[in-house]
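**Student:** Based on what follows, work out the 3D shape:
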Amino acid sequence: MELRQLRQALMLAETLNFSRAAERLHMAQPPLSSSIRKLEEELGAVLFERLPTGVKVTPVGESVLRTARRALFYIDEVRRVAREGEAGEHGVLRLGYTSSAAYDLVPRLISAFRAAYPAVELVLDEASTTEMLRAIEAQTLDAAIVAYPVLEPTTATITLIEPGELQLAVRADSELARRDSIAFADLAGVPFIIHSRQQAPTLHALTMNAFLQTGVRPNIVQEVTHVRSLLSLVESGMGVGLVAAFLGKHVSGAIKLLPLVDGLDRITVGLALATSAEDSTATARNFIAIAARVLSPGGDAVDNDEV
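**Tutor:** Numbering: from 1, shown residues only. Model (predicted):
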């Protein structure tokens with residue numbers, strides 16, 4: 001049994017006449033009669049009662065053709081979904097993001113993407129930059145918003161999309177909060193909360209290098225994975241820590257951000273879009289296009305080996 005036979009049978013049931021059905025199907029009548037007869041033989045049932053002036057659908061034919069209509073509908077749906085899936089209009093987008101992107105950037109991107117592609121399922125995963133880069137390489141994530149710069153080896157393509165600088169988060173009622181800016185030399189002996197060496201190796205290395213270059217021995221009291229944890233600990237009075245300046249509008253009134261006048265003030269940090277250099281999905285390509293349209297990128301895509 002072929003799909004064309006079902007379509008022919010449905011047309012014959014609509015016209016109840018071999019000649020008219022053949023005309024609408026753009027074929028000759030004898031091949032149509034032969035095709036319907038073969039379909040009936042294969043099914044082992046008479047679908048049409050032949051009459052002198054045309055045909056009549058038998059009770060068995062009514063049941064068979066009712067099922068045939070549903071079958072052809074779902075076949076057409078499969079084809080439509082496949083076409084739209086190839087265009088990225090259906091399917092799944094697996095998006096990872098670092099915690100500092102959750103405040104503003106990710107909501108903006110998701111809102112724009114869902115408006116453009118409402119039928120795409122979004123699977124979101126908050127994770128560390130290291131974890132997301134490995135997931136991009138393993139193709140278990142389609143795209144990710146990661147912390148920039150990315151200094152660790154990766155095959156992912158890195159595009160800076162929100163540049164900025166690091167500032168020192170201090171408790172708003174602390175002695176340091178009376179200042180308008182701060183130097184690393186002023187942090188000698190100050191309890192310091194640092195990003196995890198394992199989960200945020202780039203920020204950890206940049207911070208430690210800044211301490212080293214300025215000759216200050218850090219008084220590290222805690223390592224954290226997520227910026228929310230760092231801000232919570234700063235607010236609790238445990239110590240101070242470095243966060244991206246663009247988070248300033250999202251921190252509570254209990255925290256003040258101080259610009260740095262040395263060390264990390266000359267290093268561009270921020271958020272970047274990480275994508276697979278090869279084998280990107282249609283949904284991922286559409287997300288990249290949406291991100292390019294919504295944001296003002298701070299740089300072109302770069303190969304991580306050149307960072």
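
**Student:** Tell me which residues are up against the helix or strand harbouring residue 168.
**Tutor:** According to DSSP states H and E, residue 168 maps onto strand 166-171. Applying CB atoms under 8 Å, 6 or more residues apart in numbering, the contact partners of strand 166-171 are 176-177, 182, 187, 206, 230-231, 234-235, 237, 240-245, 248, 251, 254-260, 264-265, 267, 269. C-beta coordinates here come from the backbone N, C-alpha and C atoms, glycine included.

**Student:** Show me what that strand pairs with in its sheet, parallel or antiparallel.
**Tutor:** For strand 166-171, the paired strands and their directions (DSSP bridges) are strand 240-244 (antiparallel), strand 255-259 (antiparallel).

**Student:** would you turn these into TSV with mean pLDDT, mean neighbour count and distance to residue 166?
**Tutor:** Formatted as TSV, the strands paired with strand 166-171 follow (pLDDT from 0 to 100; neighbours: other CB atoms under 10 Å; distance: least, CB to CB, whole Å):
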stretch	mean pLDDT	mean neighbour count	distance to residue 166
strand 240-244	91	24	5
strand 255-259	93	18	9
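
**Student:** would CSV of the ones you listed with distance to residue 7 be doable?
**Tutor:** Compiled in CSV, the strands paired with strand 166-171 are given as follows (distance: least, CB to CB, whole Å):
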stretch, distance to residue 7
strand 240-244, 60
strand 255-259, 67
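
**Student:** For stretch 269-282, what does the pLDDT average out to?
**Tutor:** When pLDDT is averaged along stretch 269-282, the result is 83.

**Student:** so how far is that stretch from its chain's centroid?
**Tutor:** How far stretch 269-282 lies from its chain's middle: 10 Å, per CA atoms, centre = their mean, to the nearest Å.

**Student:** Give me the buried positions along that stretch.
**Tutor:** Going by neighbour count (16 or more other CB atoms under 10 Å), the buried part of stretch 269-282 is 269, 270, 271, 272, 273, 274, 275, 276, 280, 281, 282.

**Student:** got it, and stretch 57-72?
**Tutor:** Going by 16+ other CB under 10 Å, stretch 57-72 has these buried residues: 57, 58, 61, 64, 65, 68.

**Student:** Stretch 14-27 now?
**Tutor:** Neighbour-count burial for stretch 14-27, counted by 16+ other CB under 10 Å, picks out 15, 18, 21, 22, 25.

**Student:** quick one, what contacts the residue nearest the centre of the chain?
**Tutor:** Nearest to the mean C-alpha position of the chain, counting by CA atoms, centre = their mean, stands residue 95 at 3.2 Å. Listed by CB under 8 Å, 6+ apart, the contact partners of residue 95 are 106, 110, 122, 123, 124, 125, 141, 142, 143, 144, 145, 287.

**Student:** Could you grab the helix/strand/coil label for the third one?
**Tutor:** The three-state assignment at residue 122 reads strand, by DSSP: H, G, I helix; E, B strand; the rest coil.

**Student:** tell me which element the residue lying closest to it once chain neighbours are set aside falls in.
**Tutor:** Nearest non-adjacent residue to residue 122, counting by CB to CB, 6 or more residues apart in numbering: residue 93, 5.5 Å away. Residue 93 belongs to strand 92-97 when assigned by DSSP H and E.

**Student:** Would you mark the buried spots in that strand?
**Tutor:** 93, 94, 95, 96, 97.

**Student:** Also stretch 116-130?
**Tutor:** Quick answer for stretch 116-130 (16+ other CB under 10 Å): 117, 120, 126, 127, 128, 129, 130.

**Student:** do the same with stretch 108-118
**Tutor:** By 16+ other CB under 10 Å, the buried positions in stretch 108-118 come out as 109, 110, 112, 113, 117.

**Student:** excluding its backbone neighbours, what's nearest residue 248?
**Tutor:** residue 257 (4.9 Å).

**Student:** which residues does the one you found contact?
**Tutor:** 167, 168, 169, 170, 243, 245, 247, 248, 251.

**Student:** Shouldn't residue 26 be within a strand?
**Tutor:** No: looking at residue 26 with three-state DSSP, it is coil, so not inside a strand.

**Student:** returning to what we had before: mind checking which of the strands paired with strand 166-171 is nearest residue 200?
**Tutor:** Of all the strands paired with strand 166-171, strand 240-244 sits nearest to residue 200, with 10.7 Å by CB to CB.

**Student:** Would you map the helices across the stretch 51-200 of the chain?
**Tutor:** Remark: helices assigned in the stretch 51-200 of the chain by DSSP state H, counting those that start in this stretch are 59-86, 105-116, 129-138.

**Student:** possible to save those as TSV with mean pLDDT?
**Tutor:** Output for the helices of the stretch 51-200 of the chain, formatted as TSV (pLDDT from 0 to 100):
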stretch	mean pLDDT
helix 59-86	76
helix 105-116	92
helix 129-138	91
